[in-house]
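J.: what follows is a protein structure lacking sequence information:
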C-alpha cells in the first residue's frame, strides 16, 4: 500500500521553508522544487518539500569563497592568538 499524499498550498510550503512566495515560485520555475497545477491551483507534496530541504543542505567547506580574508589571515597570517608578535 502507498501512503496518502499530503498536499501543501504555496503559502503553506513557503511558510514551512521560511521563504517568500516569490522565492518559492522561482524555485518551482527553475525546477528546483516540484509542484503541480490543478486548474488554477498550485500544490506541492510534503515529501517534495522535505526532499528539497535535504538537497539544499550546505556541505562543510563549500562556503570558503564567502570569507576569503579570514582564510588568508587565519592560517599562517603571522599573528599569535594573543595579538602579540
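T.: Ah, there it is. Since this is a predicted model, take the numbers as computed values, not measurements.
J.: for this protein, what's the longest strand?
T.: The strand that spans the most residues within the chain, counting by DSSP state E, is strand 41-45.
J.: identify each buried residue in stretch 27-34, please.
T.: For stretch 27-34, a neighbour-count test (16 or more other CB atoms under 10 Å) marks 27, 28, 33 as buried. Heads up, the C-betas are built off the backbone N, CA and C, glycines and all.
J.: which other residues reach it?
T.: When contacts are defined by CB atoms under 8 Å, 6 or more residues apart in numbering, stretch 27-34 is touched by residues 13, 19, 24, 35, 42, 44, 45, 48, 49, 52, 55.
J.: adding distance to residue 2, write these out as JSON lines.
T.: As requested, those are arranged in JSON lines below (distance: CB to CB, whole Å):
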{"residue": "13", "distance to residue 2": "21"}
{"residue": "19", "distance to residue 2": "29"}
{"residue": "24", "distance to residue 2": "26"}
{"residue": "35", "distance to residue 2": "20"}
{"residue": "42", "distance to residue 2": "23"}
{"residue": "44", "distance to residue 2": "18"}
{"residue": "45", "distance to residue 2": "12"}
{"residue": "48", "distance to residue 2": "15"}
{"residue": "49", "distance to residue 2": "18"}
{"residue": "52", "distance to residue 2": "21"}
{"residue": "55", "distance to residue 2": "22"}
